[in-house]
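1. I would like the atomic coordinates for the input below:
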Amino acid sequence: MRWTLVLTVWVGSLCAADWPQFLGPERTGVSAETGLLRAWPAGAPKMLWKFGLGVGFGGAAVEGGKAYVLDRVNHAQDVLRCLDLATGKEEWNVSWDVAGKHDFPGSRSTPAVDAKHVFAIGPFGDFYCVDKATRKPLWRQNIVKDHGGSVPNWGVSQSPLLYGDWVVVAPQSGSVGLMAVEKATGKAVWKSPGGIGEMSYASPLPVKIGASEQIVQLTFDGPTGVEARTGKPLWRFGFSGKWPIANPTYLGNGVFFVVNAYGSGCAAFQVTPNGTQPVFKHLLCETQIPTPVFHKGFIYTVGNNNKAREGLMCLSPDGKVVWKTGRTPNFERGNLLLADGMLFVMGGDDGMLYLVEASPQAYKELARAKVLEGAGKQVWGPIALADGHLLVRDQHELRCFDVKGR
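-> As a prediction, the model looks like this:
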């Protein structure tokens, strides 16, 4: 089988330097930016600013020189904040009263932003739209209560997907699987059938397989694909997982890589005209939180399952473990991002940022620096990169670093 990467997504007119939603413009965790530093002056990237946040894991989205983050305050409010990307100054915020607390409390979701709107999902399923011009709420609904679903044990963690004039979310109830709504009104355009499995912690992923535009969602029972324009179910692949968090990674040619932890392992499968067919499945790689990235024919992920500590791993598309760091360094549940042929990997229990060459030859560390102090052991939020600005967070702060050296 010949492996090539063919991925087309539809997020509207966006600046190449933006990171407008979870995992970036194409939801792959891969940035198109180039000219980034391959070594950090004075041993660490320059911190441009920091901003205090409530506890949580929700990442930042960047559009038009502004950073957006959904904060959680005192277990009582969801607060959408808009910060200036250059200075970190808060320009405005909108808050909603939503009382409650989960295990591992705080925010979970990353906002999605276009030229006119900001969309966000709170940990209890509240789905918000704010008008950027007026800085006021435009509409609100709840993807759990409105569709007869239930809030997962660790809260609603998915992030909304931009798709042209629509936003796609995944209620995953008995009646509704995925749903597309109009950006301006929140009115449903289509709803796919429910019963695809209880709500997971993963987010909708857009892909194009041949001429077929699809939305893929990982559930507790495995990934499923629907027609992007209608919500019509197209296929399902059986891959049960205890706590599915990491998004599927598209490898091209209809092939996806999925990974979970707690004894679930990893698998690859191919979508065919007749359904799906397995490529491989094994227990040599398990991932709890970060979504793996795919670069020049190889998969990179952080292997962790509460017992085994495999560290940063490189896998071939046929499932072979090419290399792994093990416990030195380990990275725990830290997230990763790929840009300019390099991996930015966060140490999930110590706030250490690693810069690593994305190569199947061996683990080649280019730099490391502690960028988050007092982080405890829950530095699990996704990383964002926009115009040379790297945004990372812990349980107390959002910080921005210059990784381009301008």
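2. the helix or strand encompassing residue 162 pairs with which strands, parallel or anti?
-> Element membership of residue 162, judged by DSSP states H and E, is strand 161-163. Neighbouring strands of strand 161-163 in its sheet, by DSSP bridges, are strand 166-169 (antiparallel).
3. okay, buried residues for the strand it pairs with please.
-> 166-169 (16 or more other CB atoms under 10 Å). No exception for glycine: its C-beta is placed from N, CA and C like everyone else's.
4. for the strand holding residue 162, which outside residues touch it?
-> The contact list for strand 161-163 (CB atoms under 8 Å, 6 or more residues apart in numbering) reads 10-12, 20-22, 27, 112, 114, 119, 167-169, 180, 203-206, 215, 228.
5. my guess is residue 57 contacts residue 110. True?
-> No. Judged on CB atoms under 8 Å, residue 57 makes no contact with residue 110 at a distance of 9.5 Å.
6. circling back: which one of the buried residues of strand 166-169 is nearest to residue 144?
-> Checking the buried residues of strand 166-169 against residue 144 by CB to CB gives residue 169 as the nearest, at 10.5 Å.
7. quick check: bridge partners of the closest one?
-> residue 179.
8. and it, how close does it get to residue 225?
-> 16 Å (CB to CB, to the nearest Å).
9. and for residue 163?
-> Applying CB to CB, the value for residue 163 to residue 225 is 14 Å.
10. out of these two, which sits in the busier spot?
-> A count of neighbours by other CB atoms under 10 Å puts residue 225 above the other of residue 163 and residue 225, at 26 against 22.
11. I'd assumed residue 218 was in contact with that one.
-> No. Applying CB under 8 Å as the test, residue 225 and residue 218 come out as separate, 10.6 Å apart.
12. could I get the buried residues of strand 166-169 as a markdown table with pLDDT and distance to residue 123?
-> Shown next, in a markdown table, are the buried residues of strand 166-169 (pLDDT from 0 to 100; distance: CB to CB, whole Å):
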| residue | pLDDT | distance to residue 123 |
| --- | --- | --- |
| 166 | 99 | 23 |
| 167 | 99 | 18 |
| 168 | 99 | 19 |
| 169 | 99 | 14 |
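13. redo those as TSV? Include distance to residue 237.
-> As requested, the buried residues of strand 166-169 are exported to TSV (distance: CB to CB, whole Å):
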residue	distance to residue 237
166	25
167	25
168	19
169	21
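14. just those residues now: which is nearest residue 132?
-> Taking CB to CB as the measure, residue 132 sits nearest to residue 167 out of those, at 14.4 Å.
15. re the thing from before, now the contacts of strand 161-163: which count as buried?
-> 11, 20-22, 27, 112, 114, 119, 167-169, 180, 203-206, 215, 228.
16. what about the helices in the protein?
-> Secondary structure of the chain (DSSP state H): no helices present.
17. let me know the outermost residue of it.
-> residue 42 (30.6 Å; CA atoms, centre = their mean).
18. go ahead and confirm residue 321 touches residue 315.
-> Yes. Counting by CB under 8 Å, residue 315 is a contact partner of residue 321 at 5.8 Å.
19. where does pLDDT dip in the chain?
-> 1-16, 374-376 (pLDDT under 70).
20. and residue 148, how far from residue 217?
-> 18 Å.
21. those two: who's more crowded?
-> Using other CB under 10 Å as the criterion, residue 148 and residue 217 rank with residue 217 on top: 29 against 12.
22. re earlier: mutual contacts of residue 321 and residue 315, please.
-> residue 285.
23. more neighbours: those two, which one.
-> Neighbours were counted for residue 321 and for residue 315 using other CB under 10 Å; residue 315 has more, 26 against 14.
24. partners of that one in the sheet?
-> Residues in beta-bridge contact with residue 315 (DSSP bridges): residue 299, residue 321.
25. I figured residue 315 hits residue 322, correct?
-> Yes. With contacts counted by CB under 8 Å, residue 315 reaches residue 322, the gap being 6.3 Å.
26. now for those two: what residues contact both?
-> By CB under 8 Å, 6+ apart, the residues touching both residue 315 and residue 322 are residue 298.
27. name the nearest of the buried residues of strand 166-169 relative to residue 142.
-> Distances from residue 142 to the buried residues of strand 166-169, taken by CB to CB, are shortest for residue 169, at 10.6 Å.
28. look up how far residue 214 lies from the closest one.
-> 16 Å.
29. same thing with residue 165?
-> 18 Å.
30. more crowded one of these two?
-> residue 214 (21 against 14).
31. so what's the more buried one closest to, chain neighbours aside?
-> residue 225 (4.7 Å; CB to CB, 6 or more residues apart in numbering).
32. residues contacting the one you found?
-> 207, 214-217, 233-236, 271.
33. residue 373 reaches residue 350, doesn't it?
-> No. Between residue 373 and residue 350 there is no contact under CB under 8 Å: 9.8 Å.
34. who has more neighbours, these two?
-> Set residue 373 next to residue 350 and count neighbours by other CB under 10 Å: residue 350 wins out with 18 against 11.
35. excluding residues flanking it in the chain, which one is nearest residue 326?
-> Counting by CB to CB, 6+ apart, the residue nearest residue 326 is residue 311, at 5.0 Å.
36. dump the residue contacts of the one you found.
-> 302-303, 324-331.
37. tell me what residue 162 is bridged to.
-> Assigned bridge partners for residue 162, using DSSP bridges, are residue 167.
38. can you give me the neighbour number for it?
-> So residue 162, with other CB under 10 Å, has 26 neighbours.
39. any idea how far it lies from residue 208?
-> 15 Å.
40. likewise for residue 127?
-> From residue 127 to residue 208 the distance is 26 Å (CB to CB).
41. more neighbours, the two?
-> residue 127 (24 against 15).
42. give the contact list for the more buried one.
-> 119-121, 140-143, 160, 169, 186.
43. what sits against residue 400?
-> 47-50, 67, 85, 88, 389-391.
44. ok, now with 10 Å
-> Applying CB atoms under 10 Å, 6 or more residues apart in numbering, we find residue 400 in contact with 45-51, 60, 62, 67, 83, 85-88, 384, 386, 389-392.
45. fine by me, thanks again.
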